[in-house]
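Chemist: prediction below, plus the sequence it came from.
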Number of protein chains: 2
Amino acid sequence: MYLYGGIEASGTRFACAVAEQPDEIIEKASFPTTMPQETLMRSIEFFERFPLKALGIASFGPLDVNPSSPTYGYIMETPKPGWARTDLLGTLRRALNVPLALDTDANAAALAEYFYGAGRGADSLVYLTVGTGINCGVFVRGQFINHPEVGHMFIRRHPKDKFPGHCPYHADCLEGMASGPALNGRWGTQDQLAREHSALEIEAYYLAQAVSTIRYLLAPKLVILGGGVMHWAQQALPVIRQEVLKLFNGYISNLRTLEAVERFVILPALGDNAGICGALELGMRSFWSTSNYGY
Amino acid sequence: MYLYGGIEASGTRFACAVAEQPDEIIEKASFPTTMPQETLMRSIEFFERFPLKALGIASFGPLDVNPSSPTYGYIMETPKPGWARTDLLGTLRRALNVPLALDTDANAAALAEYFYGAGRGADSLVYLTVGTGINCGVFVRGQFINHPEVGHMFIRRHPKDKFPGHCPYHADCLEGMASGPALNGRWGTQDQLAREHSALEIEAYYLAQAVSTIRYLLAPKLVILGGGVMHWAQQALPVIRQEVLKLFNGYISNLRTLEAVERFVILPALGDNAGICGALELGMRSFWSTSNYGY
């Protein structure tokens, strides 16, 4: 068997793992995302201990994922101090000298759930991450749809919600109203939110709109809700599903019952491991395709 | 050369055409959509005069486009008198005995624009039809995305608009607010609408939201606006483009200028011929693939 490496890079932590199969991790390390040089050096030191065949990277963004771009593999204009225009892929490639593949954290999680998690047997799924940003990975008939920017779609404002929205471009788009920073801006803390019924109701109203628009435009078999904000999912999920049922209002013929919606809107089967599992899958695929990563 | 047939079936007219190349029609006939038996008989009589190799059908809906469904090729629950559960494909197949292919009018138009119209050279496009309903055809990297139901996405209501919406499922979804019947319900006639500045402003506000959500979720290179309502496009198009520019507000890096938006949101290069050209292309492809039509 061959060893593959995977990095799940978020704005708060880097997780590094080594595996023979993406869903069976052999060794793992995790450390805070400090400045790029330090964080990448710790990642490199971890991987240098293994005879890796390839490395996959699932990263926060904005990420340049266009292989023909001069800044391919860079983290672009991020507000995270020190990280704007960091050459993530190049730095790791020069240090480790193995085939590398990189994609967004949402696409990597979608890939992992498709092959190892809730998506097995489904021919299409959308993985929606609700965290610092709101992003999605879309896997349809064995292919990704290019990096949809679902976070900036317009949503209808909840009548009880007076929060102006925090998106610097659009104020009250989906991300501006329903991301982690929006929740913090509106309610102070997410703990508070978990106790406030109207918080759940408002958040569910926005996420249900996202789910319904995703269903209308992309028609996936499943929508998987992941990301940090979904950690209070046990409480929010039933409200989101009720709201989705209400929004469709019978229009989608196979989503007319709560049971059907419960099968359609789900949590990640891989839990918090979807990202790192997807990174390992990306790594394995980049080895298969030698140096050119493609589905 | 071989002869192919194409039918563009709308709720008001059937257009039938014969061609060797989808974009060069040899003979064409068109008649009102009366009751199914009469309308299909006129279509069959037209095509029986030619030694067709195959027939493509671009039809209004709701259409069952699932080849493994027992009602594949049927027009399903339509309010159009007499047409609910009409076996469109089967009736034509039994009479003409040639390979047949069928798709929605929006997908056929998208296909035609992709190969013969504004989409040549683009690797992806969305064709949005704004008429009795609002539908879209999505062609990305040589493949259709399955029949998105863009018409029922939620949109943000224009502050000046008091119209309750006419969608029987959702009242004020996109179709409920911006389709032909919605315009007629709100303004009486489309002539009136063309003279009313606020009508243009309101319609543009809704269509711009559809365009921006389509860009966020599907990331096409082009959005083509077709359909009956777009016949007042000369007046509406500049307003829609301005609104799209305003909605993105600089977020999409290659859509930061009006010039860029003018290249992104366009009218069909094939004009009203996109549907019939797409039907002929469907027919030609069903001949190529003998009896099994697939992209």
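Modeler: Perfect, I can see it now.

Chemist: residue A:58 belongs to a helix?
Modeler: No. Read with DSSP: H, G, I helix; E, B strand; the rest coil, residue A:58 is strand and lies in no helix.

Chemist: local confidence estimate at it?
Modeler: On the pLDDT scale, residue A:58 is placed at 96.

Chemist: so what's it up against?
Modeler: Residues counted as contacts of residue A:58 (CB atoms under 8 Å, 6 or more residues apart in numbering or on different chains) are A:6-9, A:102-105, A:107-109, A:275-276, A:278-279, A:282. C-betas here are computed from N, CA, C, even on glycine.

Chemist: among these, which lie within strands?
Modeler: In strands, judged by DSSP state E, the following of these are found: A:6-9, A:102-104.

Chemist: tell me, how many residues neighbour residue A:272?
Modeler: Neighbouring residues of residue A:272 were enumerated by other CB atoms under 10 Å in any protein chain shown; the total is 14.

Chemist: doesn't it fall inside a helix?
Modeler: Yes. Counting by three-state DSSP, one finds residue A:272 located in a helix.

Chemist: can you list the residues of chain A near chain B?
Modeler: Contact residues of chain A with respect to chain B, defined by CB under 8 Å from any CB of the partner chain, are listed as A:140-141, A:143, A:145-157, A:169-170, A:209, A:212-219, A:247-252.

Chemist: how about the residue of chain A positioned farthest from its centre, nearest residue that isn't a chain neighbour?
Modeler: In chain A, residue A:250 marks the outermost C-alpha relative to the chain mean, sitting 29.4 Å out by CA atoms, centre = their mean. The spatial neighbour of residue A:250 that comes closest, neighbours along the chain excluded (CB to CB, 6 or more residues apart in numbering or on different chains), is residue A:256 at 5.3 Å.

Chemist: is the spatially closest residue to residue A:2 that is not a sequence neighbour in a helix, a strand, or coil?
Modeler: Excluding the flanking residues, the one nearest residue A:2 by CB to CB, 6+ apart is residue A:53, at 4.3 Å. Reduced to three states with three-state DSSP, the structure at residue A:53 is strand.

Chemist: ok, residue A:53 - contacts?
Modeler: When contacts are counted by CB under 8 Å, 6+ apart, residue A:53 touches A:2-4, A:98-99, A:283, A:287.

Chemist: the spatially most central residue of chain A and chain B: what is the separation?
Modeler: To find the centre residue of chain A, average its C-alpha atoms and take the closest one (CA atoms, centre = their mean): that gives residue A:106, at 2.6 Å. Per CB to the nearest CB, to the nearest Å, residue A:106 is found 13 Å from chain B.

Chemist: okay, now the unreliable bits of chain A?
Modeler: A:189-196, A:233, A:290-295 (pLDDT under 70).

Chemist: helices of that one, start to end?
Modeler: Taking DSSP state H to define them, one finds helices in chain A at A:36-48, A:88-96, A:105-116, A:174-178, A:180-187, A:190-195, A:197-218, A:233-248, A:258-264, A:274-288.

Chemist: the residues of chain A next to chain B, buried ones only, as a PyMOL selection?
Modeler: Selection command for PyMOL covering only the buried members of these, criterion 16 or more other CB atoms under 10 Å in any protein chain shown:
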select buried, chain A and resi 140+145+146+147+148+149+150+151+152+153+154+155+157+170+209+212+213+214+215+216+217+218+219+247+248+249+251+252
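
Chemist: run through the residues that contact the closest residue to residue A:248 other than its chain neighbours.
Modeler: Taking CB to CB, 6+ apart, and ignoring the residues beside it in sequence, residue A:248 has residue A:255 as its nearest neighbour in space, at 5.3 Å. Taking CB under 8 Å, 6+ apart as the contact definition, residue A:255 lies against A:215, A:244-245, A:248, A:261, A:264.

Chemist: over to residue A:255: give its phi and psi.
Modeler: In terms of degrees, to the nearest 10, the main-chain angles of residue A:255 are phi -130, psi 50.

Chemist: got it, and residue A:60?
Modeler: Backbone geometry at residue A:60, expressed as degrees, to the nearest 10, gives phi -70, psi 170.

Chemist: test my guess that it contacts residue A:10.
Modeler: Yes. Judged on CB atoms under 8 Å, residue A:60 makes contact with residue A:10 at a distance of 5.2 Å.

Chemist: quick one, which of the two is more surrounded?
Modeler: Comparing residue A:60 with residue A:10 by other CB under 10 Å, the one with more neighbours is residue A:60, at 26 against 18.

Chemist: who touches both of residue A:60 and residue A:10?
Modeler: Residues touching both residue A:60 and residue A:10 (CB under 8 Å, 6+ apart): residue A:105.

Chemist: circling back: OK, contacts around the residue nearest to the centre of chain A?
Modeler: Contacts here follow CB under 8 Å, 6+ apart; on that basis residue A:106 touches A:127-129, A:135-137.

Chemist: buried members of these into ChimeraX, please.
Modeler: The command below creates a ChimeraX selection of those among the contacts of residue A:106 that count as buried (16+ other CB under 10 Å):
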select /A:127,128,129,135,136,137
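
Chemist: turn the contacts of residue A:106 into a markdown table, including distance to residue A:118.
Modeler: Supplementary listing: the contacts of residue A:106 in a markdown table, determined by distance: CB to CB, whole Å:
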| residue | distance to residue A:118 |
| --- | --- |
| A:127 | 9 |
| A:128 | 13 |
| A:129 | 14 |
| A:135 | 18 |
| A:136 | 15 |
| A:137 | 13 |
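
Chemist: which of the ones in strands among the contacts of residue A:58 ranks first by neighbour count?
Modeler: For the ones in strands among the contacts of residue A:58, neighbours tallied by other CB under 10 Å; top is residue A:6, 32 neighbours.

Chemist: which residues does that residue bridge with?
Modeler: The bridge-partner assignment for residue A:6, based on DSSP bridges, gives residue A:17, residue A:56.

Chemist: isn't it right up against residue A:59?
Modeler: No. In terms of CB under 8 Å, residue A:6 does not count as a neighbour of residue A:59; the distance is 11.2 Å.

Chemist: now residue A:228: how far from chain B?
Modeler: Taking CB to the nearest CB as the measure, residue A:228 and chain B are separated by 21 Å.

Chemist: stretch A:69-78: which residues count as buried?
Modeler: By neighbour count, and taking 16+ other CB under 10 Å as the criterion, the buried residues in stretch A:69-78 are A:73-75, A:78.

Chemist: got TSV for those residues, with distance to residue B:122 too?
Modeler: Putting the buried residues of stretch A:69-78 into TSV (distance: CB to CB, whole Å) gives the following:
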residue	distance to residue B:122
A:73	26
A:74	26
A:75	29
A:78	30
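
Chemist: can you tell me which of the residues you listed are in strands?
Modeler: A:74-75.

Chemist: got the contact list for the residue nearest to residue A:207 when sequence neighbours are not counted?
Modeler: Spatial nearest neighbour of residue A:207, chain neighbours left out: residue A:240 (5.2 Å); criterion: CB to CB, 6+ apart. Residues in contact with residue A:240, defined by CB under 8 Å, 6+ apart, are A:204, A:207-208, A:211, A:225, A:265.

Chemist: may I ask which of those residues has the most neighbours?
Modeler: For the contacts of residue A:240, counting by other CB under 10 Å, the largest number of neighbours falls to residue A:207: 28 neighbours.

Chemist: my read: that residue touches residue A:130, true?
Modeler: Yes. The pair formed by residue A:207 and residue A:130 meets the contact definition of CB under 8 Å, at 6.7 Å.

Chemist: now the common contact residues for those two.
Modeler: Counting by CB under 8 Å, 6+ apart, the shared contacts of residue A:207 and residue A:130 are A:178, A:225.
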